[in-house]
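[1] Please find the sequence and the predicted model below.
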Amino acid sequence: MDAEAYELSLEPRFGTTLFALAGTQRLQMTLPVTETAVALPGGLFARATPASDLTLYRNESVPLATAPPSPAPQNLKRLPDWYVSLTKVPVPSDPRLLAVMESLRKGSPSPSAIVARLMKWFKTQDFVYSTHLPDVPATDVADFLYRVKSGYCEQYAAAFASVLRMVSLPTRVVLGFRGGEFNEFDDKLTVRNSDAHAWVEYWDQDSTQWLSVDPVLAVDRSADKELMRNGWVRRLRHLWEAASSRWTLFRVYTGAQVEVWSHQSSAGLAKQRNVLTLGFAAVLLFIFFFVFITKARRDWRARRSNFLARIYAGLFLANDPETLYCYYCEYLAKYGLARISTEGPLTYLTRCVRAWPEAEAALVHFTDSYLSLRYGTEQLDGSQLRDSLKVVKKAIRHAPSSSAKRS
């Protein structure tokens with residue numbers, strides 16, 4: 001079967017441990033760039049030094065069987081040490097548990113059949129999953145199974161493994177993570193501390209490999225008060241986690257690049273840092289420009305006479321006749337002749353000509369051009385109206401009556 005490649009990003013909470021799927025054949029460190037992965041016995045991996053920041057690495061895994069440290073004990077006169085250690089457990093004295101052990105051994109079943117029988121028995125015992133410890137803790141396996149009947153994954157895994165060891169089946173408890181939550185915003189599976197789990201692996205003599213079994217699947221979890229987020233709260237959490245993950249990766253990658261650049265010349269490093277500085281400055285400038293345009297657009301729509309709205313119109317609405325006429329009226333209002341809200345362009349023109357007879361030609365030309373663009377059938381160039389407005393402003397500024405009104 002072909003190996004499946006995937007990438008993991010690990011928060012700095014687990015020291016040197018590097019998590020991977022079972023059957024991992026190859027693990028390559030991506031971040032930190034100077035770190036290497038060390039293969040440990042049993043298919044485990046670790047980094048050389050404890051993590052202080054995000055660790056990023058790539059894995060290649062196939063569903064391989066975990067080989068035992070020595071041959072299977074069948075037909076051997078002396079059992080291997082590893083086999084004995086994984087079947088070593090005190091012999092119970094509770095007759096109820098002894099009866100369960102007898103039912104598991106009945107008929108010399110295979111290891112898988114023994115596990116299936118024990119799982120079936122677990123389902124009939126009304127066990128309850130709970131993270132709250134009882135007032136009187138269990139004294140042994142039998143006390144937990146028959147009196148307490150309540151616990152979390154590690155307790156059920158330990159009890160399940162102990163019973164299997166009592167019938168001489170090599171068993172071990174595995175600690176890791178189960179499940180996770182898919183984030184639709186960045187297409188990643190997020191595994192949190194709350195996904196920590198414990199299960200059991202037993203040695204299957206028939207297939208000569210370690211097989212997994214989860215006793216919690218046979219336990220009633222209705223009393224588990226774990227918070228399950230859904231709806232918009234869940235999506236909001238996913239969005240925040242995706243944004244936080246992108247920022248963390250950007251920050252760590254940037255730090256890694258600076259670490260690599262440290263081996264370059266000081267001039268080259270300064271140049272690269274300048275590029276980063278310019279990039280951040282460009283981002284900040286874009287944010288400022290976006291906020292500026294948004295506010296200016298809102299001010300223009302409200303027909304407010306302010307500085308931002310005028311700049312917005314000058315940049316983006318330069319040839320719009322309605323906009324130019326609004327600023328024409330605002331400009332004349334500065335000189336004491338504001339347009340009445342019920343006053344049409346021609347009536348307003350008549351009052352303007354009486355106030356500034358020296359600018360009559362410019363005022364008439366602007367109004368005629370505006371009416372032609374605004375209500376006429378001909379498609380005229382709006383830039384002509386803009387030029388006409390400049391002529392009006394110049395004529396009004398130099399008109400003697402304007403100086404008197406401004407003073």
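    Perfect, thanks for sending it.
[2] residue closest to the middle of this protein?
    Taking Cα atoms, centre = their mean as the criterion, residue 242 is the residue nearest the geometric centre of the chain, at 1.7 Å.
[3] Doesn't that residue belong to a strand?
    No. With the criterion set as DSSP: H, G, I helix; E, B strand; the rest coil, the secondary structure at residue 242 is helix rather than a strand.
[4] I'd say it and residue 190 touch.
    No. Proximity of residue 242 to residue 190 does not meet the contact threshold set by Cβ atoms under 8 Å, at 9.2 Å. In short, each C-beta sits where N, CA and C put it, glycine included.
[5] And the residue nearest to the centre of the chain, how far from residue 176?
    Taking Cβ to Cβ, to the nearest Å as the measure, residue 242 and residue 176 are separated by 24 Å.
[6] ditto for residue 131
    With the distance defined as Cβ to Cβ, residue 131 ends up 18 Å from residue 176.
[7] which element follows the helix-or-strand element of the chain with minimal mean pLDDT toward the C-terminus?
    The least trusted helix or strand in the chain, going by mean pLDDT, DSSP states H and E, turns out to be helix 307-316, with a mean of 54. The helix or strand immediately downstream of helix 307-316 is helix 321-334, counting by DSSP states H and E.
[8] Following element in sequence after that following helix, please.
    Once the chain leaves helix 321-334, the next helix or strand it forms, by DSSP H and E, is helix 345-355.
[9] Name the surrounding residues that touch the helix or strand that that next one is followed by.
    Moving toward the C-terminus from helix 345-355, the next helix or strand (DSSP H and E) is helix 360-375. With contacts defined as Cβ atoms under 8 Å, 6 or more residues apart in numbering, helix 360-375 is touched by 321-322, 324-325, 328, 345-346, 349, 352-353, 356, 378, 380, 382, 384-385, 388-389, 391-392, 394-396.
[10] buried stuff in helix 360-375?
    362, 363, 365, 366, 367, 369, 370, 371, 373 (16 or more other Cβ atoms under 10 Å).
[11] got the CA positions of stretch 11-24 in PDB?
    Backbone C-alpha positions of stretch 11-24 (Å, rounded to 0.1, in the frame of the first residue of the first chain) are rendered in PDB as follows:
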ATOM      1  CA  GLU A  11       2.000  23.600  19.700                       C
ATOM      2  CA  PRO A  12       5.000  23.800  22.100                       C
ATOM      3  CA  ARG A  13       3.400  21.900  24.900                       C
ATOM      4  CA  PHE A  14       4.800  18.400  24.600                       C
ATOM      5  CA  GLY A  15       8.600  18.900  25.100                       C
ATOM      6  CA  THR A  16      10.500  16.800  22.500                       C
ATOM      7  CA  THR A  17       7.500  14.500  21.500                       C
ATOM      8  CA  LEU A  18       6.500  14.400  17.900                       C
ATOM      9  CA  PHE A  19       3.100  12.800  17.300                       C
ATOM     10  CA  ALA A  20       2.400  10.700  14.200                       C
ATOM     11  CA  LEU A  21       0.000   8.100  12.900                       C
ATOM     12  CA  ALA A  22       0.700   4.400  13.400                       C
ATOM     13  CA  GLY A  23       2.900   3.100  10.600                       C
ATOM     14  CA  THR A  24       4.900   6.300  10.100                       C
END
